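K.L.:
Give me a 3D structure for the following:
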Amino acid sequence: MPTQMQNAINGIVTDEIRKCAENEGLSVEYVLKKLSEGKAVIPKNKLHNVSKPMIVGEDFSVKVNANIGTSAGYSSLEEELRKLEIAISAGTDAVMTLSTWGDLSKIRQTIVEHSPVPVGSVPIYDSAVKAYESCKNVVDFTEKDFIDMVYAHAKDGIDFMTIHVGITQNVLEKLKKSKRVLRIVSRGGSIIAGWMIQNRKENPFYEHFDEILDIAAEFDVTLSLGDGMRPGTVVDATDPQQLEELFVMAELVDMARKKGVQVMLEGPGHVPLNEIEMNVKLMKKIGKGAPVFLLGPLPTDRGVGHDHIVSAVGAALAAYHGCDFICYVTPAEHVALPDENDVKYGVIASRIAAVIADVAKGNKKALELEYNMALARANFDWNKMFEIAIHPEDAKKKLESRPYESDGCSMCGPFCAIKITKEFANQ
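P.N.:
As a prediction, this is how the structure comes out:
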């Protein structure tokens, strides 16, 4: 079976292409064009029944991803299923299962089975966990283990995978001489780098990228080229190591497209506000229009405990300038494994950022919703307001917690500007 990209090139309209066109309010022909050019992707493994497909890319609404997963001491499949349910209820467009503890295969398969949205993963984690369990060394595995894990994830129905393929020996050598404060903050990137140093070999993902492309094409897995050299602090942003890896990704985009494999680029996590526009536009330019997937970005490192807010600020600006896919950041980022509440507010914050960007870019559907919200506010139509709200649950609780008997709310009471103006206008 051909991939979504190959179908688009041949003018074949799949169910996913049709649904995405309807959801975006755009023509099927336009969706086919963007997919065939590689400027958009529809992550959908041939083995996963995705009832809520998404299209990520140029000129489409900004999408949001939620990371879930276990960690040492906190491994519960039941909790992960609750996180999945909460993320979907809060409006996420996709989830990534990034577990590093427990029965990883069972967790992954169960999440895929229960998820109506695309599911992503990072196969290198499994290799590291397997090595740690056998000899307590997270980088003690073979090149074959890399490829086997990619195949296992594809066979389990994973729709998109982060592959840390851009860390080459050349990039790694330059890192050793760099003045970075935080050398590598990417888990996958550090595992790859550690393996390369221990074995004195080239990155297996880079060396065997053709094999990975064959697996991706077989299952129609969208490859997300992971930014192992992403800056982990704003003081390291936009440095030579980050850019060197980006240039490697450019050649890999070409290779993927030649095989009909859908591909997107992952971008930096910590970037000062004044450098976000440049970073996004550079990624689009170097990546030849491939969709951009950003973690955040976070424009300050000092919002610990509130990094979902920091991320929303950076993500709104990044999405306005061309970021297509926002990976959420939760309040627990940098300090703890996110719990169910963190997942909820991480998704809400990122969705707010995505909507802000869509409105600023003139997205037709987003502007219609803003207009309808304005009408609902003018008419004190609370039901309509809650229907249109990005996430109405908390707003309803606030309204009910301090009720006001007349039109308006307890914020202004009888001094409501909307009510006063309406009364004068009707005289």
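K.L.:
show me what contacts Glu244?
P.N.:
For Glu244, the contact set (CB atoms under 8 Å, 6 or more residues apart in numbering) comprises 170-171, 174, 229. Heads up, the C-betas are built off the backbone N, CA and C, glycines and all.
K.L.:
which of those residues has the most neighbours?
P.N.:
Ranked by neighbour count (other CB atoms under 10 Å), the contacts of Glu244 have Met229 at the top, with 32 neighbours.
K.L.:
helices or strands next to whichever helix in the chain runs longest in the packing?
P.N.:
Using DSSP state H to define each element, the chain has its longest helix at helix 340-360. With contacts taken as 3 or more CB pairs under 8 Å, 6 or more residues apart in numbering; DSSP states H and E, helix 340-360 sits against strand 63-68, helix 77-90, helix 307-320, strand 325-327, helix 364-378.
K.L.:
and the ones you listed as TSV, adding distance to Lys46, mean pLDDT and mean neighbour count?
P.N.:
Formatted as TSV, those follow (distance: least, CB to CB, whole Å; pLDDT from 0 to 100; neighbours: other CB atoms under 10 Å):
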stretch	distance to Lys46	mean pLDDT	mean neighbour count
strand 63-68	21	98	26
helix 77-90	21	98	18
helix 307-320	30	98	25
strand 325-327	21	98	28
helix 364-378	29	97	14
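K.L.:
Domain-wise, how is the chain divided?
P.N.:
44-52+60-362, 365-425 (automatic domain parsing).
K.L.:
Please name the residues that touch Gln262.
P.N.:
3-5, 35, 38, 41-43, 216, 220, 222-223, 256.
K.L.:
among these, which ones are buried?
P.N.:
3-5, 35, 38, 41-43, 216, 220, 222-223, 256 (16 or more other CB atoms under 10 Å).
K.L.:
Mind checking which of the residues you listed land in helices?
P.N.:
Going by DSSP H, the helices hold 4-5, 35, 216, 256 from the buried ones among the contacts of Gln262.
K.L.:
Just flag the most distant two among those residues.
P.N.:
Leu35 and Ala216 (15.3 Å; CB to CB).
K.L.:
just to revisit the earlier point, among the contacts of Glu244, find the lowest-pLDDT one for me.
P.N.:
On pLDDT alone, Lys174 ranks lowest of the contacts of Glu244, at 87.
K.L.:
unless I'm mixing things up, that residue is touching Pro240, no?
P.N.:
Yes: in this structure, Lys174 is within contact of Pro240 by CB atoms under 8 Å, at 6.3 Å.
K.L.:
Look up phi and psi at Met161.
P.N.:
Per-residue torsions, Met161: phi -130, psi 140 (degrees, to the nearest 10).
K.L.:
again with Lys398
P.N.:
According to degrees, to the nearest 10, Lys398 has phi -60, psi -40.
K.L.:
Next: the one 10 residues further on.
P.N.:
Torsion angles at Gly408 (phi, psi; degrees, to the nearest 10) stand at phi 90, psi -160.
K.L.:
Report the separation between it and Gly57.
P.N.:
42 Å (CB to CB, to the nearest Å).
K.L.:
of these two, who's got more company?
P.N.:
Gly57 (23 against 17).
K.L.:
I'd say the more buried one and Asp324 touch.
P.N.:
Yes: judged on CB under 8 Å, Gly57 makes contact with Asp324 at a distance of 5.3 Å.
K.L.:
tell me, what's touching those two both at once?
P.N.:
Common neighbours of Gly57 and Asp324 (CB under 8 Å, 6+ apart) are 40, 264, 291.
K.L.:
just the residues you listed now: which is nearest Gly91?
P.N.:
Pro291 (19.6 Å).
K.L.:
check contacts around that closest one.
P.N.:
So Pro291 contacts 39-41, 56-58, 264-265, 324-325 (CB under 8 Å, 6+ apart).
K.L.:
circling back: now do the same for the longest helix of the chain: mean pLDDT, whole number.
P.N.:
98.
K.L.:
Between strand 63-68 and that helix, find me the angle.
P.N.:
170 degrees (axes from the mean of the first three to the mean of the last three CA atoms, to 10 degrees).
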